[in-house]
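In: quick one, fold the following:
(2 chains)
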Amino acid sequence: MTTESHHTLSHQPWLDPEEKPFIRIQGVTKQFGAFVAVDSVDLDIYKGELFALLGGSGCGKTTLLRMIAGFESPTSGRIVIDGEDMQDVPPYERPVNMMFQSYALFPHMTVEQNVAYGLKRDGVAREEIRTRVDAMLEMVELAAFRKRKPHQLSGGQKQRVALARSLVKNPKVLLLDEPLGALDKRLREQTQYELMNIQDQLGVTFIVVTHDQEEAMTLSTRIAVMDHGWFQQIGTPTEIYEFPESRFVADFIGSANMFEGRVAGHDGDVASIDVEGLPEPLKAEHTASLREGMQVWLAVRPEKMRIATEPFDDSSLNSIRGSVEDIGYYGDSSTYRIRVNPGMRLEITHPNLRRPRDGRHVADWDETVYIGWVPEAGVVLTR
Amino acid sequence: MSPKRSRFLFSSLCFGLAFLYIPMVLLIFYSFNHSRIVPIWGGFSLRWYKVLFQSEDVWAATALSFKIAFVNASFAMALGTLAGLALVRFGRFRGRTLFTGMITAPLVMPEVITGLSLLLLFIGLQGLIGWPAERGFTTITIAHITFSMAYVAVIVQSRLTGMSEDLEEAASDLGARPFRVLLDITLPRLAPGMLAGWLLAFTLSLDDLVIASFTTGPGSNTLPILIYSRIRLGLRPDINALATIIILAITTGVIIFGWIMLRQQRQREREMQQAALS
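Out: As a prediction, this is how the structure comes out:
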């Protein structure tokens, strides 16, 4: 059994106190004039991780990536890669390669020349360049396009050339700036799995910058959610989604119904929360230390709520009455927007388990419905 | 659109075109005039073309003009490109605003003043170190470079400003040192701008009368100086013939250049379409 527990640890190296971080970002700040783009952040990334920096535009994620690549130097703090302080190391001597959002393919060179460029600069022998470029082009399935110029390629092909070019030098770390941003939905999904495959094969540490939470969730081992130059939360996709630590994270990743209220009392680890406009307090399981009268927010994901046209029998459920204001039909599921009172609307996602009867699934427009959820479904947030 | 308005637009167009091209058409027309007195029609002849081709002055002046234009354009392209690179890619350095202003000053400076100041410089240098011993090819070329490079710098600067630094960063990321990045990425991408600058510098130099006449010496006539000095003695039909040849040469050049550009662009668009479809 010990081998198995070791196995799980190697997949989650951040939990292993013995494991040495591969990239250490220590107290890094970057200022542009009076604007603080990155605000004294600390972060450890381990070998073989696929780490996502997630955030809206202007949150500092790209600046942080550019500091790791060496295009910007931190105003203060240190970046250490594989035990080496990167302070005075120029970009062309760092053991990292970057895949640019624009792909940045050299327009006057062929696909082959683009991929070979980095090896040539390192003075690799001709024969070896050839074999390595061949292998890379084979891997990204572009061998037939080697003599083409970038403008003769489609978006997906360009993306693959950019990937091949940044991987051919066997970097210790690959930085990817919005790698799937310019691709259409179908190609994105396909490329996403290709990226994960390649990462698995080569064991390179990936750091991905993205604004797309879905992309971050499916791709990465861990996610750092960034806002205004610092990390709101760092964790695995499950941790970030199921146990958000702040309203920002709960709102940014997926969607959440947010109840603002005050702590009314305790019963073990179940707190009851008074919410203005609701007849009864809401019950929620929590781990945070709460005082009575403290202002808190209860976040409940739309898919963790039930909807019914009759009141629920189970008294342990939180239950709210409202009327259907809007229905969004997605085929596999429907989203109901429920009006509880003039100031409160809830969103519930309900799987369409069977085909509609009399033209309706669960409820119809303007119908009175009951919303219920178990106390374990919500997350109590204090910030 | 009302017919009245379109008639107005149409006549404006005709007037504009007439204003631009009637003088040139007249000049070409009179170059085939047999008569020695320009405004009097004496029948069609190629007489003045013959005179022109036998005139050694004209050939010498043309050769000198082209020589100056070529050397000027090449130096102006090199220096102007360096200046443009310094302005856009070196980030903020002390005195950058002053440098920008000084680079663009020759564009707005009256030619008479540029010419005069350069003349004073050459005379001063000659007195001080004995160089330039005489004014002519060297002095005119230097004078032309000083103002042509400002134009090249502006062209390169505007092209660089519109170019994102992604490609340079990508090259540097792949292990290219700064000088290598310049050679491999920046200069090839700048090539069209540099070519445009070279052509502009070439034309500016061929065109220039004022600065050349300040900085030239006895016996060194550029084409514009020659034409101007002959015209001062009265209209001459052989000059009409010379002007006609110049117009013809320029027109041919522009058409060929435009055709090549258009063909390249079409080819590129076709290839991009194919790539998008595949």
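In: hey, let's count contacts and neighbours off CA atoms from now on
Out: Noted.
In: I'd like the average pLDDT over the longest helix seen in chain B.
Out: Counting residues, the longest helix in chain B under DSSP state H turns out to be helix B:237-277. In this model, helix B:237-277 has a mean pLDDT of 88.
In: now swap in stretch A:366-380 and tell me
Out: Stretch A:366-380 shows a mean pLDDT of 87 in the predicted model.
In: ok, residues contacting that stretch?
Out: A:243-244, A:270, A:283-286, A:288, A:296-301, A:304-312, A:316-325, A:363 (Cα atoms under 8 Å, 6 or more residues apart in numbering or on different chains).
In: give the contact list for whichever residue of the stretch 1-150 of chain A sits closest to chain B.
Out: Taking Cα to the nearest Cα, chain B has its nearest neighbour within the stretch 1-150 of chain A at A:Y92, 4.0 Å off. Under the criterion of Cα under 8 Å, 6+ apart, the neighbours of A:Y92 are B:S172, B:D173, B:L174, B:G175, B:A176, B:R177.
In: leaving out the residues flanking it, which one is nearest to it?
Out: Nearest residue to A:Y92, sequence neighbours excluded (Cα to Cα, 6 or more residues apart in numbering or on different chains): B:G175, at 4.0 Å.
In: what secondary structure does that neighbour sit in?
Out: Using DSSP: H, G, I helix; E, B strand; the rest coil, the secondary structure recorded for B:G175 is coil.
In: residue contacts, the residue of chain B found nearest chain A?
Out: Sorted by distance to chain A under Cα to the nearest Cα, the residues of chain B start with B:G175, at 4.0 Å. Taking Cα under 8 Å, 6+ apart as the definition of contact, the neighbours of B:G175 are A:P91, A:Y92, A:E93, A:G118, A:R121, A:D122.
In: how about the helices in the stretch 101-250 of chain B?
Out: Along the stretch 101-250 of chain B, counting by DSSP state H, counting those that start in this stretch, helices occupy B:111-129, B:137-161, B:166-173, B:178-181, B:187-207, B:210-215, B:223-231, B:237-277.
In: right, and these - which one's nearest B:T100?
Out: Set against B:T100 and scored by Cα to Cα, the helices of the stretch 101-250 of chain B come closest in helix B:137-161, at 9.5 Å.
In: against which helices or strands is that closest one packed?
Out: Using 3 or more Cα pairs under 8 Å, 6 or more residues apart in numbering or on different chains; DSSP states H and E, the elements in contact with helix B:137-161 are helix B:56-89, helix B:96-108, helix B:111-129, helix B:187-207, helix B:210-215.
In: in it, which residues are buried?
Out: Of the residues in helix B:137-161, B:137, B:139-157, B:159-160 count as buried by neighbour count, 16 or more other Cα atoms under 10 Å in any protein chain shown.
In: equivalent analysis for stretch B:26-46, please.
Out: Buried residues in stretch B:26-46, defined by neighbour count with 16+ other Cα under 10 Å: B:L27, B:I28, B:Y30, B:S31, B:F32, B:N33, B:H34, B:S35, B:V38.
In: need the contact partners of that stretch.
Out: Stretch B:26-46 is touched from outside by B:R47, B:W48, B:L235, B:R236, B:P237, B:D238, B:I239, B:N240, B:A241, B:A243, B:T244, with contacts defined as Cα under 8 Å, 6+ apart.
In: which one of the contacts of A:Y92 is nearest A:L176?
Out: The closest of these to A:L176 turns out to be B:D173 (Cα to Cα; 12.6 Å).
In: hang on, that closest one packs against A:P95?
Out: No. Shown here, B:D173 and A:P95 do not form a contact pair, counting by Cα atoms under 8 Å, at 9.4 Å.
In: so the two - more neighbours on which side?
Out: The neighbour comparison of B:D173 against A:P95 (other Cα atoms under 10 Å in any protein chain shown) goes to B:D173, with 25 against 20.
In: nearest residue to whatever residue of the stretch 251-383 of chain A ends up closest to chain B in space, please, no chain neighbours.
Out: For the stretch 251-383 of chain A, the nearest residue to chain B under the criterion Cα to the nearest Cα is A:F252, separated by 29.3 Å. Closest residue in space to A:F252, ignoring its immediate chain neighbours: A:Q213 at 7.8 Å, by Cα to Cα, 6+ apart.
In: if I read this right, the one you found contacts A:I253, doesn't it?
Out: Yes. Counting by Cα under 8 Å, A:Q213 touches A:I253, with 6.0 Å between them.
In: the closest residue to A:T309 other than its chain neighbours pairs with what?
Out: The spatial neighbour of A:T309 that comes closest, neighbours along the chain excluded (Cα to Cα, 6+ apart), is A:V369 at 4.6 Å. Per DSSP bridges, the residues bridged to A:V369 are A:G322.
In: neighbours around A:V369, how many?
Out: Neighbourhood size, A:V369 [other Cα under 10 Å]: 22.
In: kindly report the same for B:T186.
Out: 18.
In: quick one, phi psi at A:Q233?
Out: phi -160, psi 140 (degrees, to the nearest 10).
In: give the burial count for it, as a bare number.
Out: If you count neighbours by other Cα under 10 Å, A:Q233 ends up with 18.
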